[in-house]
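Asks: Predicted model and sequence follow; I will ask about them next.
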Number of protein chains: 2
Amino acid sequence: MKELFDFILRFGNLNPQQIDFIAGKSITLELKKDEYFSEAGKIARQVGFIVDGILRVCYYNNQGEEITKYFIEENNLVVDLESFNNEICSSAYVQAVTDCKMIVFQRKDWLELLQTIIGWDTIVNKITTRALMQKVERRSPLVSEDATTRYLKFLEIYPTVVNRIPLSYIASYLGVTQSSLSRIRKNIR
Amino acid sequence: MKELFDFILRFGNLNPQQIDFIAGKSITLELKKDEYFSEAGKIARQVGFIVDGILRVCYYNNQGEEITKYFIEENNLVVDLESFNNEICSSAYVQAVTDCKMIVFQRKDWLELLQTIIGWDTIVNKITTRALMQKVERRSPLVSEDATTRYLKFLEIYPTVVNRIPLSYIASYLGVTQSSLSRIRKNIR
DNA sequence: GAAATCATTTGCCATTTGGCAAAAAGTGTT
DNA sequence: AACACTTTTTGCCAAATGGCAAATGATTTC
């Protein structure tokens, strides 16, 4: 629980009562590798905080290829925002890439927090905006780079992730085939 | 001015006094093709609304190649968010791709609006979040597609833009060379 | 620890895209 | 209409990446 509030309090202040109230609404969740936090075709009804482990957001394109949109590491919030906010079906999967320990809030509790705790909405907005900007900054530059440069950028952005996840996921994140990525990796060393 | 409030009021309600107050803080700005709305190395101190015209956000990578991050069409707000919010130098240019008519708010006026008008921050947050999500949704899929598919997606997303801007800008948005894009375009028809 | 399963690497060749330079087409100016 | 200027197209060839299948390596299961 400490990790969660260390994270939250970087974006604003809360008094001890408020912290307790938030903590009281949380539940813990353990996901095994490959299990889903939320799924395409369903409505996301949870906000999660990753205490330990890595998740990824992925989907399938019209040729059935699996595409990883991004990875999310420990000490970050995870939510399928469009689905959660608008109560519409998601088009993506949020999947545990390693075993994960999470702290989770159900939708109705989360909404109650937003209405109850003064300043909570501002904190949540800051976290959301920052996360979205980060996604743009991370993924967007890949479009204009060749495969080797993409991989090098991946290493910069996710230094702690490389050795904990299968090559195929990295390939599907970078928009490169697995075999190409394998060759690229060989050439770099 | 009508266009601006048509846009804003899709995200929340404002009474006539509030609308007048906001309008009173605005100024109009005309940009000629190729002029900058904000520049790399400077701090963005304006929020703009495009009444007519197209802007793009672009930067130069370490090989001096010009890269277009995205286009912004009429009836949208434009701001270099990271620079504006944190008062730090930007790394990107926001440039008029066609002649543009804009409505602009200076930073201090914008901040005053945020403090003065109840609910304005909520509206701005909704607009910001939506715009950021849109950026992710538009640019991210390009990573995993080949050049032809990228161009077709571009046509879907920016149907009104294609014939108003030079081919080279589209190429630099799609991460494809100009000559490749020219060939792709030929093969499609 | 052998078998089965899954992940990664490699070889071979096809396809796509890039790089460069010249030609063609389009625009605006006088 | 002729000129300069910019944008787009094209030809030629090189380089990068993909597709497929087999080989190798790693991990799990019994």
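Replies: Looks like it arrived, so ask away.

Asks: For the rest of this, base every contact and every neighbour count on C-alpha atoms.
Replies: Fine.

Asks: Spatially, what comes nearest to the residue nearest to the spatial centre of chain A if we skip its sequence neighbours?
Replies: In chain A, the C-alpha closest to the average C-alpha coordinate belongs to A:Ile72, at a distance of 3.5 Å (Cα atoms, centre = their mean). Once flanking residues are discounted, A:Ile72 sits nearest to A:Leu55: 5.1 Å by Cα to Cα, 6 or more residues apart in numbering or on different chains.

Asks: and if you look at A:Val79?
Replies: With Cα to Cα, 6+ apart as the criterion, A:Val79 has its nearest non-adjacent residue at 5.0 Å, and that residue is A:Val47.

Asks: That neighbour contacts A:Ser83, doesn't it?
Replies: No: applying Cα atoms under 8 Å as the test, A:Val47 and A:Ser83 come out as separate, 11.2 Å apart.

Asks: hang on, the earlier thing: tally of neighbours for the residue nearest to A:Ile72?
Replies: 26 (other Cα atoms under 10 Å in any protein chain shown).

Asks: With A:Tyr70 instead?
Replies: 20.

Asks: before we move on, what about A:Leu81?
Replies: Neighbourhood size, A:Leu81 [other Cα under 10 Å]: 17.

Asks: Give me the below-cutoff pLDDT ranges for chain A.
Replies: Scanning chain A with the threshold set as pLDDT under 70 gives no residue ranges.

Asks: Can you pull the domain assignment for it?
Replies: As assigned by automatic domain parsing, chain A contains the domains A:2-138, A:145-189.

Asks: quick one: the biggest helix by length in chain A to helix B:120-139, angle?
Replies: With secondary structure taken from DSSP state H, chain A has its longest helix at helix A:120-139. Inter-element angle recorded for helix A:120-139 and helix B:120-139: 20 degrees (by axes from the mean of the first three to the mean of the last three Cα atoms, to 10 degrees).

Asks: In the helix or strand following helix A:120-139, which of the residues would be classed as buried?
Replies: Next in sequence after helix A:120-139, counting helices and strands by DSSP states H and E, comes helix A:147-157. Buried positions in helix A:147-157, judged by neighbour count with 16 or more other Cα atoms under 10 Å in any protein chain shown: A:147-148, A:150-151, A:153-154.

Asks: what's the closest of those to DNA strand D?
Replies: Among the buried residues of helix A:147-157, A:Ala147 lies closest to DNA strand D (Cα to the nearest atom of the strand), at 3.6 Å.

Asks: who in chain A is up against DNA strand D?
Replies: By Cα under 7 Å from any atom of the strand, the residues of chain A that approach DNA strand D are A:146-148, A:175-177, A:179-181.

Asks: Which of the residues you listed ranks first by neighbour count?
Replies: A:Gly175 (23 neighbours).

Asks: residue contacts, it?
Replies: Contacts of A:Gly175 were listed using Cα atoms under 8 Å, 6 or more residues apart in numbering or on different chains, and they are A:67, B:143-145.
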